[in-house]
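Asks: below is the sequence, then the predicted model.
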Amino acid sequence: MTNALTIGSRGEKSRTAPSAAARRRARSNRPSWDEPPTAVGQAAKGLTLGGMLAVILVPLWIIVLTSFSTPGAVNRAGGLVIWPDGLTTGTYRQMLSDPTVLTALFVSLGITVVGTAVSMVVSVLCAYGLSRPRSLGHRFVLMLLIITMFVGGGLIPSFLVVTGLGGYGQWWALILPGAVSVFNILVLRSFYQDTSSELIDAARMDGAGDWRILWSVVLPTSRAVTAVTALFYAVGYWNSFFNVMLYMPTDSQKWPLQYVLLTYVNRGNGLPGSVNAGFGNDHAQTAPLALQMAVVVLTLVPLMIVYPFVQKHLRAGVLTGAIKG
């Protein structure tokens, strides 16, 4: 009886617990990303992430530190300052007291806000119309948009069109020529196509039209991709300066902050209307390099303020786009 119980228990154990060979076969059939991390793999990941973080933070540290350094500290460092040595806020006081910089800051904010709003309205409406299978001529319009991604008229024809329409020296020349990105329209269209048809049919049964469906059904269910698209447009408008070089190179009152930074770096001495004391000693007002870095910091601050509010939508939109389909 004891032997039978022993044999029975061994049989139950053999049926319930897989053998070492079975475990090895199951482990070999698993993909590599399902394997438990090894110590070497964890160390390699840590070193890789640490290196990427250093590549991002070290230049930012140098830029910020140089912007707060005195002319003597910049002179002793021979350029960019890596270690704190004589900090001052005089550079920022001089920069913010300069009317050119303040005007350029408000110009950049206005262009970014208005341009992002215009681009999002056009992109959302176009993407929603192209996502409806029964919309008039949507295939023809879609093909035209796709062709523009590969074939363009070029810089000179674009300049002639804008100036021919009276855009030289006008605000709209900084927004409308690049207001629409076909790639963003295609991304929005793919999300709008996957909106639950049951929700749209239920809204139509309740008497909702296309405008109501877009506002109350499609946009709320596509909040992540909408936020990501708006962020891409905003960053593009905030960093743009090329259209200023084309359409208003002489009117400094209409220059955005990025173009002011570009002209200052090219000149290498001082901002228009500012007084620069140079590298003479620690009591000099600002160093040219410190003033350059201060303007760079000023261009980064608005994006750093906005990013935390859209970070969760950015992550959701990117991940959803990566696994979609």
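Replies: Thanks, I have the structure now.
Asks: measure residue 65 to residue 289 for me?
Replies: 12 Å (Cβ to Cβ, to the nearest Å). C-betas here are computed from N, CA, C, even on glycine.
Asks: next: residue 206.
Replies: Counting by Cβ to Cβ - residue 206 and residue 289 are separated by 63 Å.
Asks: return stretch 297-315 as CSV; C-alpha atoms alone will do.
Replies: The C-alpha coordinates for stretch 297-315 follow below in CSV (Å, rounded to 0.1, in the frame of the first residue of the first chain):
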residue,chain,number,x,y,z
VAL,A,297,17.7,79.3,-22.5
LEU,A,298,14.9,81.8,-23.2
THR,A,299,13.9,79.8,-26.3
LEU,A,300,13.9,76.5,-24.4
VAL,A,301,11.9,77.7,-21.4
PRO,A,302,8.4,77.8,-23.0
LEU,A,303,8.7,74.3,-24.4
MET,A,304,9.9,73.0,-21.1
ILE,A,305,6.8,74.6,-19.4
VAL,A,306,4.3,73.2,-21.9
TYR,A,307,5.8,69.6,-22.2
PRO,A,308,4.7,68.3,-18.8
PHE,A,309,1.1,69.1,-19.6
VAL,A,310,1.1,67.1,-22.8
GLN,A,311,3.6,64.4,-21.8
LYS,A,312,1.0,61.8,-20.9
HIS,A,313,-0.9,62.4,-24.2
LEU,A,314,2.4,62.3,-26.1
ARG,A,315,3.3,58.9,-24.6
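Asks: correct me if wrong: residue 252 contacts residue 100.
Replies: Yes - the criterion here is Cβ atoms under 8 Å, and residue 252 meets it with residue 100 at 6.3 Å.
Asks: out of the two, which sits in the more crowded spot?
Replies: residue 100 (19 against 16; other Cβ atoms under 10 Å).
Asks: which helix or strand contains the more buried one?
Replies: helix 99-131 (DSSP states H and E).
Asks: buried sites along that helix?
Replies: 100-101, 103-105, 107-108, 111-112, 115-116, 118-120, 123-124, 126-131 (16 or more other Cβ atoms under 10 Å).
Asks: just stretch 185-194 next, same as before
Replies: Buried residues in stretch 185-194 (16+ other Cβ under 10 Å): 185-192.
Asks: count the neighbours of residue 259 for me.
Replies: 23.
Asks: who touches it in this structure?
Replies: Neighbour list for residue 259: 104, 241, 244-245 [criterion: Cβ atoms under 8 Å, 6 or more residues apart in numbering].
Asks: now, which of the residues you listed sits nearest residue 49?
Replies: Nearest to residue 49 out of those is residue 241 (Cβ to Cβ; 33.0 Å).
Asks: how much space separates that closest one from residue 89?
Replies: 27 Å.
Asks: before we move on, back to that, select only the buried ones of the contacts of residue 259 in ChimeraX?
Replies: Restricted to buried positions by 16+ other Cβ under 10 Å, the ChimeraX selection for the contacts of residue 259 reads:
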select :104,241,244
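Asks: model confidence score at residue 97, please.
Replies: Residue 97 is assigned a predicted lDDT (pLDDT) of 79.
Asks: and the gap between it and residue 89?
Replies: 12 Å.
Asks: same check on residue 82?
Replies: Distance from residue 82 to residue 89, by Cβ to Cβ: 20 Å.
Asks: now residue 259
Replies: 25 Å.
Asks: same question, residue 95
Replies: Distance from residue 95 to residue 89, by Cβ to Cβ: 10 Å.
Asks: of the two, which one has the most company?
Replies: residue 95 (22 against 11).
Asks: from memory that one sits against residue 295, does it?
Replies: Yes - counting by Cβ under 8 Å, residue 95 does reach residue 295; the two are 6.5 Å apart.
Asks: per-residue pLDDT, residue 47?
Replies: Model confidence at residue 47 (pLDDT) stands at 92.
Asks: secondary structure element for it?
Replies: Judged by DSSP H and E, residue 47 forms part of helix 39-67.
Asks: ok, now residue 236?
Replies: Secondary structure assigned from DSSP H and E places residue 236 in helix 223-239.
Asks: quick check: what element follows that helix along the chain?
Replies: helix 242-247.
Asks: tell me the mean pLDDT over that next one?
Replies: The predicted model assigns helix 242-247 a mean pLDDT of 86.
Asks: what residues of stretch 216-229 count as buried?
Replies: Buried, per 16+ other Cβ under 10 Å, within stretch 216-229: 217-218, 221-222, 224-229.
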